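**Student:** One predicted model, sequence on top.
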Amino acid sequence: MGKVLGFLYGVMSYAIFFASFLYAICFVEDLVVLKTIDSGAPGALVPSLVIDALLLGVFAVQHSVMARPAFKAVWTQIVPHAIERSTYVLLSSLALCLLFWQWRPLPTVIWTAPAGAVSTAIVALSFVGWLTVLSSTFLINHFDLFGLRQVWAYASGKEIPPANFVTPLFYRVVRHPLYLGFIVAFWAAPVMSLGHLVFAIATTAYILIAIQLEEHDMVAVFGDTYRGYQKRVSMILPWIPGPKA
């Protein structure tokens, strides 16, 4: 029964993640959902900035702290190892939902792209970013990344083999295509409001910090193999090569 419940918990966590991911696209792209980055009645500038910063901070702290090996070592003394990743995914999704719910719009327009082909091209670029995010997860192991592989292995009594370091497709030209996709999706906006700009700046800053933490963990696991990868391949921009060996 515990194995079945663990598997169902993992599936539920994944479903909530995927729904929040789809909502995030609509939220950022200002599509037709209950709340978007620019919808709602605007409030005073400073309180709105403070609330938005706190919401972004909650997500950033939860997303980074819970992903660190030191935290996992303690956390898995409380939460079964099989559902640790699913729990992380669930809490990340809930932090994101909190942001969607309580986000304060700042509708002042910073820039507007010319209507027609230019605006269409910018919107298309943003969706290329979202597609890059999703496809990058499948290149490395989508179901492992979001906890389904772990709960399925637990339910079926199978062992998950140790991770191998691989660099498929996008990962051969940039070390973090998933993060690059997010940056493109957040910044490619034909109409950039102040709220959207704050969101893009804050999330980009968080991504650059998160990369440093993530790469530290990767070096700890893969050692010289990952150090060599760092020297060969750019971190976030494909046209900027890594440092020479």
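**Tutor:** Perfect, thanks for sending it.

**Student:** wait, residue 140 sits on residue 168?
**Tutor:** Yes. Checked against C-beta atoms under 8 Å, the pair residue 140 and residue 168 is within contact range at 7.4 Å. No exception for glycine: its C-beta is placed from N, CA and C like everyone else's.

**Student:** neighbour-wise, which of these two wins?
**Tutor:** Neighbours were counted for residue 140 and for residue 168 using other C-beta atoms under 10 Å; residue 140 has more, 16 against 10.

**Student:** what about residue 181, distance to residue 134?
**Tutor:** Plainly put, residue 181 is 8 Å away from residue 134 if you go by C-beta to C-beta, to the nearest Å.

**Student:** sorry, that was for residue 79
**Tutor:** Separation of residue 79 from residue 134 (C-beta to C-beta) stands at 27 Å.

**Student:** What of residue 128?
**Tutor:** For residue 128, the distance to residue 134 equals 11 Å [C-beta to C-beta].

**Student:** what sits in contact with each of the two?
**Tutor:** When C-beta atoms under 8 Å, 6 or more residues apart in numbering defines a contact, the residues bordering residue 128 and residue 134 alike are residue 181.

**Student:** Can you tell me the element residue 41 falls in?
**Tutor:** With the criterion set as DSSP states H and E, no secondary-structure element contains residue 41; it sits in neither a helix nor a strand.

**Student:** where does the chain dip in pLDDT?
**Tutor:** The chain contains residues with pLDDT under 70 at 240-245.

**Student:** That one: helices as residue ranges?
**Tutor:** 2-29, 45-65, 69-75, 84-102, 117-140, 142-145, 148-156, 177-187, 194-222, 224-232 (DSSP state H).

**Student:** What are the buried residues along the third one?
**Tutor:** So that's helix 69-75. By neighbour count, with 16 or more other C-beta atoms under 10 Å as the criterion, the buried positions of helix 69-75 are 72, 75.

**Student:** got the contact list for the nearest residue to residue 133 once chain neighbours are set aside?
**Tutor:** The shortest distance from residue 133 to any residue that is not its chain neighbour, by C-beta to C-beta, 6 or more residues apart in numbering, is 3.8 Å, and that residue is residue 181. With contacts defined as C-beta under 8 Å, 6+ apart, residue 181 is in contact with 128, 129, 130, 131, 132, 133, 134, 136.

**Student:** Name the nearest of those relative to residue 2.
**Tutor:** Distance ranking of those against residue 2, using C-beta to C-beta, places residue 134 first at 31.7 Å.

**Student:** wait, residue 136 sits on residue 178?
**Tutor:** Yes. A contact is recorded between residue 136 and residue 178 when judged using C-beta under 8 Å, the distance being 4.0 Å.

**Student:** Residues contacting stretch 34-51, please?
**Tutor:** The contact list for stretch 34-51 (C-beta under 8 Å, 6+ apart) reads 26-30, 100-107, 193, 195-196, 198-199.

**Student:** Correction: the previous question concerned stretch 114-131.
**Tutor:** The set of residues external to stretch 114-131 that reach it, using C-beta under 8 Å, 6+ apart, is 25, 28-29, 113, 180-186, 188-190.

**Student:** Please report the number of neighbouring residues for residue 62.
**Tutor:** Taking other C-beta under 10 Å as the definition, residue 62 ends up with a neighbour count of 17.

**Student:** What is the burial count for the residue nearest to it when sequence neighbours are not counted?
**Tutor:** When the adjacent residues along the chain are set aside, residue 62 lies closest to residue 95, with 4.9 Å between them (C-beta to C-beta, 6+ apart). Residue 95 is flanked by 19 other residues according to other C-beta under 10 Å.
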